[in-house]
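[1] sequence plus predicted model, see below.
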Amino acid sequence: MLYNAPMAYAILRTAKLSTMGQVVTSAQHTFREREVENANEVETKHNQIEGAVSSQELIDVIKARLSLVETRSATKPVICIEYMITASPEAFSRYQGHLSEDAQYFEDAKKWLEDRHGKANVVSSAIHTDERTPHLVAYVVPLVEREAKTRKRSVIVGKDANGKPIRETKEFTEKGTVSLSAKEFLGGRDKLRDMQSDFAEKVGHRYGLDRGKEHSTAKHQTVRSFYAAIERPVVHQVDISPEFLKPRLLKKGLLTSDYESEQMVADRLTKAIQKAYDPAVNLAKLVESSQQRTKSIEVTARNAQTRANSLQEQLDKAKKGVNDLVHLIAKGGDQLRQFQEEFRKGLSKSAELDKQRQQERDRGHSR
């Protein structure tokens, strides 16, 4: 399916949750068990949840999956991976984009997670449409199931009359195991890059969403920092009240009190302005990244066209040479005999040059 729309990106972020406390904190936000500042309470009823629907239920189902674990790859293993999947805000219909609020995009993203981890390990998923940018949150227990294997080994079964070991090849069965390993999925830069490419190829491209730039020097954002950045409203004006500029009380004493210095007031003001305009800056960075990606694609296309033109010229010359040769053979006579003689001379000269090069190499090795 093709979309005639500005370039937008598929967005995939992950967070490693190593304790039940971290799981509960995240789940309370996801299941709206505590106030979510940027959520529209009227729209919350339209959120779609599958699997565990509360923080307690999520804890119970994670514990049930963990009970299957036989080996762990870390002393303090990651017990759950939180996935956050969305797209550039401008891709959604609420911003005049092509993705609907209850987009099949999210359903396909869930299917991608199930194929990646196994359906039973995707213990909960929620599509949020009550915030500024629609997104999917999914909780996955990173279990790795390995099937039983049969291996052949050479073993000593005794000794012969001369005292030498007698060996035989026997089969040994290694039982299947279930291990807990987030590293299997998120371990290292290469796996993270491959994950982003695989998601873009199997899900994003189907909906006209591009992959972010590979081998980028940009730092990876956590789920929470990215979540906060896209949900904060863009400020068009910052109002600074006179009270805000007054030094604030730091410590009150019986006779004297400590107040902020001028530098401390300036630092507080700077931080407030930076925080207010962060969303606009993030949006500008996204636009700049899109423009750079577009230019890169245009350059690649131009280079490909230049290469194609060069190959076409070579092909045309080759075709002309073949046609001339066919015409010459058909005509026969003195011209054909002359061509054959020149061809033989060319072969003889080429063979002589090869012989000279070989002799020079031989002399070089003898030194």
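    That came through fine. Numbers count the residues shown, from 1 in each chain.

[2] look at residue 172 and give its secondary structure.
    strand (DSSP: H, G, I helix; E, B strand; the rest coil).

[3] alpha carbons only: can I get stretch 132-152 in PDB?
    In PDB, the C-alpha atoms belonging to stretch 132-152 read as follows (Å, rounded to 0.1, in the frame of the first residue of the first chain):
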ATOM      1  CA  ARG A 132      -1.600  13.400  22.400                       C
ATOM      2  CA  THR A 133       0.000  10.700  20.300                       C
ATOM      3  CA  PRO A 134      -1.700   7.200  19.900                       C
ATOM      4  CA  HIS A 135       0.700   4.500  21.000                       C
ATOM      5  CA  LEU A 136       0.900   0.800  22.000                       C
ATOM      6  CA  VAL A 137       2.400  -0.300  25.300                       C
ATOM      7  CA  ALA A 138       3.200  -4.000  25.700                       C
ATOM      8  CA  TYR A 139       4.700  -6.100  28.500                       C
ATOM      9  CA  VAL A 140       6.800  -9.100  27.500                       C
ATOM     10  CA  VAL A 141       8.500 -11.700  29.700                       C
ATOM     11  CA  PRO A 142      11.800 -12.500  27.900                       C
ATOM     12  CA  LEU A 143      11.700 -16.300  28.100                       C
ATOM     13  CA  VAL A 144      13.900 -18.300  25.800                       C
ATOM     14  CA  GLU A 145      12.800 -21.900  25.100                       C
ATOM     15  CA  ARG A 146      15.300 -24.300  23.700                       C
ATOM     16  CA  GLU A 147      14.200 -27.700  22.400                       C
ATOM     17  CA  ALA A 148      15.800 -31.000  23.400                       C
ATOM     18  CA  LYS A 149      18.800 -31.900  21.300                       C
ATOM     19  CA  THR A 150      20.600 -35.200  20.500                       C
ATOM     20  CA  ARG A 151      24.400 -35.000  20.300                       C
ATOM     21  CA  LYS A 152      27.000 -37.700  19.400                       C
END
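
[4] what mean pLDDT does it have?
    Predicted confidence along stretch 132-152 averages 90 (mean pLDDT).

[5] tell me the contacts of residue 257?
    Residues in contact with residue 257 (Cβ atoms under 8 Å, 6 or more residues apart in numbering) are 249, 250, 251. Quick note: C-beta positions are derived from backbone N, CA and C, even for glycine.

[6] likewise residue 351?
    No contacts exist for residue 351 under Cβ under 8 Å, 6+ apart.

[7] can you redo the contacts of residue 257 as TSV with distance to residue 45 and neighbour count?
    Below are the contacts of residue 257 laid out as TSV (distance: Cβ to Cβ, whole Å; neighbours: other Cβ atoms under 10 Å):
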residue	distance to residue 45	neighbour count
249	44	10
250	45	11
251	48	8
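
[8] helix, strand, or coil at residue 85?
    At residue 85 the chain is in strand, as set by three-state DSSP.

[9] tell me where the stretch 1-150 of the chain has helices.
    20-30, 55-66, 104-117 (DSSP state H, counting those that start in this stretch).

[10] those helices into CSV, with extra columns for mean pLDDT?
    Shown next, in CSV, are these (pLDDT from 0 to 100):
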stretch, mean pLDDT
helix 20-30, 96
helix 55-66, 97
helix 104-117, 96
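
[11] which among the ones you listed is found nearest to residue 272?
    helix 20-30 (24.7 Å; Cβ to Cβ).

[12] orientation of that closest one relative to helix 55-66 in degrees?
    Orientation check (axes from the mean of the first three to the mean of the last three Cα atoms, to 10 degrees): helix 20-30 against helix 55-66 gives 130 degrees.

[13] who touches helix 20-30?
    With Cβ under 8 Å, 6+ apart as the test, helix 20-30 has contacts from 15, 17, 33-34, 36, 52, 54-55, 58-59, 62, 79-80, 82, 124, 126, 128, 137, 139.

[14] please apply the same query to stretch 184-202.
    10, 12, 14, 16, 73, 81, 85, 109, 112, 116-117, 142, 144, 209-212, 214-215, 220.

[15] quick check on those residues: which are buried?
    Neighbour counting with 16 or more other Cβ atoms under 10 Å marks 10, 12, 14, 16, 81, 85, 109, 112, 116-117, 142, 144, 209-212 as buried within those.

[16] follow-up on the earlier one: could the helices of the stretch 1-150 of the chain go into JSON lines alongside distance to residue 47?
    Output for those, formatted as JSON lines (distance: least, Cβ to Cβ, whole Å):
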{"stretch": "helix 20-30", "distance to residue 47": "9"}
{"stretch": "helix 55-66", "distance to residue 47": "15"}
{"stretch": "helix 104-117", "distance to residue 47": "11"}
